[in-house]
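can't give you the sequence, but here's the structure:
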């Protein structure tokens, strides 16, 4: 929003609403390119990074698997970063696109990772989907970079 429009809105609304609007704008952060680590690198997602790639027996089930991950796995305690999504074809021949769903969770401690693996929600999703995947590839990456 341009400053002149913001100033117009603030002059026309109640002082309480104006205060809430200013607080919301300040709390929303910035879209700067220098945010992140002090040396300009982007922040690391997590110390322990657990990635899984699924090839489904029926690729049309990808949206359902992603929805199950979002609903049942994303909120398990100890997770500090998360995503689940469908394969994205960008036309590059050197990219492995032989999967239907990619999944990622990040943890800061080995204990949080172990608790995730044994959490009832994780066990339930694995039991539900194991018969429906053709294969799964799981990679765990430890990032000790400061």
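Ah, there it is. A quick note: this is a predicted structure, and the numbers were derived from the prediction, not measured.

Got phi/psi on residue 140?
Here is the backbone geometry of residue 140 (degrees, to the nearest 10): phi -110, psi 130.

That one contacts residue 50, correct?
Yes. The criterion here is C-beta atoms under 8 Å, and residue 140 meets it with residue 50 at 5.4 Å. (Each C-beta comes from the backbone N, C-alpha and C, glycine too.)

intersection of neighbour lists for these two?
Common contacts of residue 140 and residue 50, defined by C-beta atoms under 8 Å, 6 or more residues apart in numbering, comprise residue 113.

Between the two, which is the more surrounded one?
Shown here are residue 140 and residue 50; by other C-beta atoms under 10 Å, residue 50 has more neighbours (19 against 11).

May I ask which helix or strand encompasses the more buried one?
Using DSSP states H and E, residue 50 maps to strand 48-56.

Can you tell me the strand partners of that strand and which way each runs?
The pairing partners recorded for strand 48-56 under DSSP bridges are strand 101-107 (antiparallel), strand 133-142 (antiparallel).

Of all those, which one is nearest residue 122?
With C-beta to C-beta, the closest approach to residue 122 among the strands paired with strand 48-56 belongs to strand 101-107: 9.3 Å.

With that, I have no additional questions.
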